[in-house]
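S.K.: Could you look at this predicted model? Sequence included:
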Amino acid sequence: MTSREQHDRMANAIRFLSMDAVEKANSGHPGLPMGCADIATVLFTRFLKYDPKAPHWADRDRFILSAGHGSMLLYSLLHLTGYEDMTLDQIKHFRQLGSKTAGHPEYGHATGIETTTGPLGQGLANSVGFALGERIMNAAFGNDLVDHYTYVLAGDGCLMEGVSQEAIALAGHLKLNKLIVFWDNNNISIDGPVSLADNTDQVARFQASGWNASHIDGTDPEAIAYAIEAARHSDKPTMIACKTTIGFGAPTKAGTNKAHGSPLGADEIAGARKFFNWDSPPFEIPADILDAWRTAGKAGVKARTDWEGRLAKADAKLKAEFERRLAGKLPSNFDAVIADYKKKLSADKPKVATRKSSEMALEVINGAVPETIGGSADLTGSNNTKTSQTKNITSDDYGQRYVHYGIREHGMAAALNGLTLHGGLIAYGGTFMCFSDYARPSMRLASLMGIRSIFVMTHDSIGLGEDGPTHQPVEHLAALRAIPNHNVFRPADAVETAECWQIALESEKTPSTLALTRQNLPTVRTEFSARNLSSQGAYELAAASGEAAVTIFATGSEVEIALAARELLEKHGHPTRVVSVPCFELFDQQSDDYRRKTIGNAPVKMAIEAGIRQGWDHLIGSDGIFVGMTGFGASGTIEQLYPHFGITADAAAKAAEARLHGK
Ligand SMILES: Cc1ncc(C[n+]2csc(CCOP(=O)(O)OP(=O)(O)O)c2C)c(N)n1
């Protein structure tokens, strides 16, 4: 049991490392670590189950710093408790290029960083996925292997962001009782007191969403411990409103926004040294305090080795399956399953919407890959995300595979990231493509983190018809393609859809978006190819009858139009080839040779896509012909809309001929 004095000195070690690192970097946020040091110390010395020597231990508790600007709190904790890659040198190089101690915690930079945070609210929203992932894995593998908590530290900013409400409501609904959130209730944000912009009764708000919530003194270690203990035995998620002081200990800046996001300055730090009676020079931790921290960091070794013992003794099949899933590897027969399915599709030649093709592919995938977790933001019947294997996950039954996320696209996308990061699961979720805008902040973070979240975006163009321009994506393909490390797939038929799903599942370090149609499309890949042609990003689907005069590039629903335009042009004596382009990003990764060959030298290059032109010039050149959208869509039938916007085979063929004739 740590004495109060010992606790204080341990907490002060966090405070001084944070102050010193921000000071040396000449930028950063000292206020949060100084205010929350007591909470962090109690959690990491008395409750959190972790082992710095085994940072990836599957059954560790997760700690998520949702208020990512307070990154020095996390870096200090990782250093003090003995994470090997979080050296003092890293702390001294806080925010410097190439260091692990980035401005905000970045997943993959250092061990112990469970998710990338900084965009406020994301960590909190991820945590719903983490906590749900724990319950799902627990249901699959039992208490012996999976039984851990998810702790979150969130600030006023996290709670003000809209995504927090989506997350809180979902967690309350699913009764994720092993989710414990500390709210750094310090009344201060950047502009000044929180009351400038918000007067929400946060405790009442959480309670209204099905949480336990109560106020405590966030600087009183016993109050913190008592609240955590109670939270761990709760049947609901818990929010602990911790009254703290931003920049606690800084003589004039504490309790003000001046302590939020800039170095305190030499005078304030000198004052804090006096206040805390801390006479060590910058970056030096008194040996007894460092020892105490390192001892705390070893407390989880027994729990970890006990767990390893249980895993070693587990049923061999269960153990192998657990390890496969945690390693993120697909079942060994996966490729064969997809190949068989593709063979069948090329023979059957179904004429279905790609959202339906996606459901058909998922029926095969979900049968072969037990770790997929499906879901939709209240558009299940439209997104076709549910299959025979995926029954509803409820607060009474986490042993199922489908999440009704409610009308919460952003919360869903953030939860998908949390499920993915938890490990052992492959999570996908659907909405209308137009509402990818509502999910985009989390989609971007999936790309930044390099994780396998999968976003199913149906109703991917004006082809959705009468719902009109509010629902018709126009710029969304370009906008999503603009995100680095994000595979945006727009398959043309059932075969390409199966291939794109296969790539999405196999892309362990890249999230995927599947853009899928509402309208039916014929099978264009009528000849079976064992190779995944979509994995090249673009490939010649139909060759020209002679030396190509025209190359038409198209994606998704417009491949059918491109093929019809080709027919017309060929009939008029213009050899024309069609290149299907299911994924820009993958095409960009091909060899120069393949790219050159696929783009070809036809004098006329044309692209057909029912979206905006942006991004296409790198295939068709700035002088290429683009048949697509130049503004918003309209409400009408699909049969009216395509001709209305000039996206037809006839219009495409005429445009190509005009160009061939020099007009
Ligand atoms: C989505 C998003 N919007 C804005 C910011 C910029 N920002 C960083 S911290 C902050 C204020 C946060 O206030 P609070 O959570 O109370 O943190 P504290 O001042 O207590 O450290 C803002 C607006 C951000 N990081 N993320």
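M.R.: Cool, got the structure. Since the structure is predicted, the reported quantities are computational estimates derived from the model, not experimental observations. Numbers count the residues shown, from 1 in each chain.
S.K.: show me where the stretch 351-500 of the chain has strands.
M.R.: Counting by DSSP state E, counting those that start in this stretch, the stretch 351-500 of the chain has strands at residues 352-353, 372-376, 402-404, 426-432, 454-458, 487-489.
S.K.: What is the first one packed up against?
M.R.: Put plainly, it is strand 352-353. strand 520-521 (3 or more CB pairs under 8 Å, 6 or more residues apart in numbering; DSSP states H and E). Just so you know, the C-beta spots here come from the backbone N, C-alpha and C atoms, and that holds for glycine as well.
S.K.: Quick one: low-confidence residue ranges for this structure.
M.R.: Counting by pLDDT under 70, the chain has low-confidence residues at 1.
S.K.: Nearest to the ligand within it, name that residue for me.
M.R.: residue 155 (2.5 Å; CB to the nearest ligand atom).
S.K.: Next up, phi/psi of the closest residue to residue 599 other than its chain neighbours, please.
M.R.: Closest residue to residue 599 apart from its sequence neighbours, by CB to CB, 6 or more residues apart in numbering: residue 619 at 6.1 Å. Main-chain torsions, residue 619, degrees, to the nearest 10: phi -100, psi -40.
S.K.: For residue 619, list the residues it contacts.
M.R.: Residue 619 sits next to 538, 553, 581, 599, 605, 607 when contact means CB atoms under 8 Å, 6 or more residues apart in numbering.
S.K.: one more time with 10 Å, if that's ok
M.R.: Taking CB atoms under 10 Å, 6 or more residues apart in numbering, we find residue 619 in contact with 538, 551, 553, 579, 581, 584, 587, 595, 598-599, 605-607.
S.K.: which pair in the residues you listed spans the largest distance?
M.R.: Distance extremes for the contacts of residue 619: the farthest pair is 595 and 606 at 17.7 Å, using CB to CB.
S.K.: Which one of these two is surrounded by more residues?
M.R.: Higher neighbour count among residue 595 and residue 606: residue 606, with 27 against 17, using other CB atoms under 10 Å.
S.K.: packing partners for the helix or strand the more buried one falls within?
M.R.: Assigned by DSSP states H and E, residue 606 belongs to strand 604-608. When contacts are defined as 3 or more CB pairs under 10 Å, 6 or more residues apart in numbering; DSSP states H and E, strand 604-608 packs onto strand 550-554, helix 558-571, strand 576-580, helix 617-620, strand 625-627, helix 649-660.
S.K.: Would you reformat these as CSV and include distance to the ligand?
M.R.: Conversion of the helices and strands packed on strand 604-608 to CSV gives the following (distance: least, CB to the nearest ligand atom, whole Å):
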stretch, distance to the ligand
strand 550-554, 37
helix 558-571, 36
strand 576-580, 38
helix 617-620, 31
strand 625-627, 35
helix 649-660, 42
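S.K.: Please work out which of these is packed deepest.
M.R.: Ranked by mean neighbour count under mean count of other CB atoms under 10 Å, the helices and strands packed on strand 604-608 are led by strand 550-554, which reaches a mean of 29.
S.K.: Just the C-alphas of that one, formatted as CSV.
M.R.: The C-alpha trace of strand 550-554 is given here as CSV (Å, rounded to 0.1, in the frame of the first residue of the first chain):
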residue,chain,number,x,y,z
VAL,A,550,-10.2,4.7,-77.6
THR,A,551,-9.7,3.5,-74.0
ILE,A,552,-12.6,3.9,-71.6
PHE,A,553,-11.8,3.7,-67.9
ALA,A,554,-14.8,3.1,-65.6
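S.K.: got the angle between that strand and helix 558-571?
M.R.: 170 degrees (axes from the mean of the first three to the mean of the last three CA atoms, to 10 degrees).
S.K.: by how many degrees do strand 550-554 and helix 649-660 diverge?
M.R.: 140 degrees.
S.K.: Please name the strands paired to strand 550-554 in the sheet, noting orientation.
M.R.: Here strand 550-554 has these sheet partners by DSSP bridges: strand 576-580 (parallel), strand 604-608 (parallel).
S.K.: CSV for those, including distance to residue 377?
M.R.: Below are the strands paired with strand 550-554 laid out as CSV (distance: least, CB to CB, whole Å):
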stretch, distance to residue 377
strand 576-580, 29
strand 604-608, 30
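S.K.: looking at those strands, which is closest to residue 413?
M.R.: Nearest to residue 413 among the strands paired with strand 550-554 is strand 576-580 (27.7 Å), distances taken as CB to CB.
S.K.: Please save the CA atoms from the longest helix anywhere in the chain in CSV.
M.R.: Ranked by number of residues, the top helix in the chain under DSSP state H is helix 4-25. In CSV, the C-alpha atoms belonging to helix 4-25 read as follows (Å, rounded to 0.1, in the frame of the first residue of the first chain):
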residue,chain,number,x,y,z
ARG,A,4,0.0,9.4,0.7
GLU,A,5,3.4,10.9,0.6
GLN,A,6,4.6,8.2,-1.8
HIS,A,7,1.6,8.6,-4.0
ASP,A,8,2.1,12.4,-4.2
ARG,A,9,5.7,12.0,-5.1
MET,A,10,4.9,9.4,-7.8
ALA,A,11,2.2,11.7,-9.2
ASN,A,12,4.7,14.6,-9.1
ALA,A,13,7.1,12.6,-11.2
ILE,A,14,4.5,12.6,-14.0
ARG,A,15,3.9,16.3,-13.5
PHE,A,16,7.6,17.2,-13.7
LEU,A,17,8.4,14.9,-16.6
SER,A,18,5.5,16.5,-18.5
MET,A,19,6.4,20.1,-17.6
ASP,A,20,10.1,19.5,-18.5
ALA,A,21,9.3,17.8,-21.8
VAL,A,22,6.9,20.5,-22.9
GLU,A,23,9.4,23.2,-21.8
LYS,A,24,12.3,21.5,-23.8
ALA,A,25,10.1,21.0,-26.8
